[in-house]
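J.: Task: produce atomic coordinates for the following.
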Amino acid sequence: MTRRFLSIGECMVEMAPREDGAFGMGFAGDAFNTAWYMRRCAGDEIEVGFLSAIGDDDVSRRMEDFMQAAGVRPYLAVLPGRSVGLYLISLRDGERSFSYWRSASAARDLADHLDEVTRLGPGDVAFFSGITLAILSGAGRDRLLDAMCQARAAGVRIAFDPNLRPRLWPDGATMCAAVMEGATVADIVLPSFEDEASWFDDADTAATARRYLDAGAGLVVVKDGANPVLLAEPGNVREVPVRPAPRIVDTTAAGDSFNAGVLSGLMNGEAPDVAARAGAALAARVIGARGALVDPD
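T.: Next up, the predicted model:
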């Protein structure tokens, strides 16, 4: 029986630096990146879909074609007169910074088009992120979280990456409150410790894990760069050592690819420890090349 993985969020036009100093155009975005890597990790028995909204212009059509060619099934509301967002990556010593143009992005209204979520069932996984929450209006966030609650009650596992991006929020307090509200509907939470420590004053990865377990998660997978991954379930907390990346060229999509490796492993019945090691190995390969979407083979 085919199971489904549905990622919910924004895909944007990506302008990524090339070795010759020019920029190459592609399509990426945290939730879509996870779907793209999920397609490459998961077996044929798992359908990978992406739910969002696009415009009716040429670049939106090219984005949809790109998703289909990548094997990701697009569930995209088409909003007349709208388009998609764009971002540009700047790199320095392997670390990236971003410039965004997303005010007209149709994905800001994706929460008006969540019918596909209601079609998920037991054995399926729905994924969203803090960036998904950030681009929505307050009412849109409420609709998305309500849909996640209903899906969870129907047996769907909900996965959430807090992905803290303060520049997308009016202030840090609003961001932190919204992220913790998002965590209350999730079975699996995949935070990044460096960001969590900055905004929640977590003393260590165990503190991050406890906060999300207290919010109701059944599994928390704390990413911490080259340091061990912390896995936390109620009554069972342990570290999983990871191999450091042989080289770091571009850290774009490190967390997104890690998420895909973990979630595909869990959907295929692997133990969390095994899934975490697979996620870390995939992320190590991804950051050794430029751009968000890197062929892991």
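J.: residue nearest the centroid of this structure?
T.: What sits nearest the mean C-alpha location of the chain, by Cα atoms, centre = their mean, is residue 31, with 3.7 Å.
J.: okay but that one is in contact with residue 133, surely?
T.: No - using Cβ atoms under 8 Å, residue 31 makes no contact with residue 133, being 10.8 Å away. All C-beta atoms are positioned from the backbone trio N, CA, C, and that covers glycine.
J.: quick one on the thing from earlier: quick check: phi and psi on the residue nearest to the centre of the chain?
T.: phi -70, psi -40 (degrees, to the nearest 10).
J.: Spit out the contact partners of it.
T.: 7-11, 50, 52, 127-129, 131-132, 256 (Cβ atoms under 8 Å, 6 or more residues apart in numbering).
J.: try 10 Å
T.: Going by Cβ atoms under 10 Å, 6 or more residues apart in numbering, residue 31 touches 6-11, 50-52, 107, 110, 127-129, 131-132, 161, 163, 256, 259.
J.: picking up where we left off before, for residue 31 and residue 133, list the residues in contact with both.
T.: Joint contacts of residue 31 and residue 133 (Cβ under 10 Å, 6+ apart) are 9, 163.
J.: where does the closest residue to residue 71 other than its chain neighbours land in three-state SS?
T.: For residue 71, ignoring the flanking residues on the chain, the nearest one in space by Cβ to Cβ, 6 or more residues apart in numbering is residue 39 at 4.6 Å. Under DSSP: H, G, I helix; E, B strand; the rest coil, residue 39 falls in the helix class.
J.: where's residue 39 relative to residue 75, distance?
T.: Between residue 39 and residue 75 the distance is 14 Å, computed by Cβ to Cβ, to the nearest Å.
J.: what about residue 158, which helix or strand?
T.: strand 157-161 (DSSP states H and E).
J.: what do you get for residue 258?
T.: helix 254-267.
J.: now do residue 198
T.: Using DSSP H and E, residue 198 falls in helix 193-200.
J.: Pull out the CA atoms of that helix and give them to me as CSV.
T.: C-alpha atoms of helix 193-200 as CSV (Å, rounded to 0.1, in the frame of the first residue of the first chain):
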residue,chain,number,x,y,z
PHE,A,193,20.3,23.7,18.6
GLU,A,194,22.3,26.8,17.6
ASP,A,195,19.1,28.7,16.7
GLU,A,196,17.2,27.3,19.7
ALA,A,197,19.9,28.4,22.1
SER,A,198,19.9,31.9,20.7
TRP,A,199,16.1,32.4,21.0
PHE,A,200,15.0,30.2,23.8
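J.: mind listing the strands for the stretch 51-200 of the chain?
T.: 73-78, 86-92, 95-101, 125-129, 157-161, 188-189 (DSSP state E, counting those that start in this stretch).
J.: Let's see the pLDDT reported for the residue nearest to residue 76 when sequence neighbours are not counted.
T.: Spatial nearest neighbour of residue 76, excluding adjacent residues (Cβ to Cβ, 6+ apart): residue 54 at 5.0 Å. At residue 54, the pLDDT value in this model is 98.
J.: what's the spacing between residue 54 and residue 75?
T.: For residue 54 relative to residue 75 (Cβ to Cβ), the value is 11 Å.
J.: joint contacts of these two?
T.: Joint contacts of residue 54 and residue 75 (Cβ under 10 Å, 6+ apart) are 67, 110.
J.: higher neighbour count, these two?
T.: residue 54 (26 against 21; other Cβ atoms under 10 Å).
J.: okay but that one is in contact with residue 66, surely?
T.: No - applying Cβ atoms under 10 Å, one finds residue 54 not in contact with residue 66, separated by 11.2 Å.
J.: I would like the residues contacting stretch 56-65, please.
T.: Here stretch 56-65 has contacts from 11-13, 25-27, 29, 32, 50, 52-55, 74, 76, 78-84, 86, 106, using Cβ under 10 Å, 6+ apart.
J.: out of the residues you listed, which are inside helices?
T.: Secondary structure from DSSP state H places residue 32 of these in helices.
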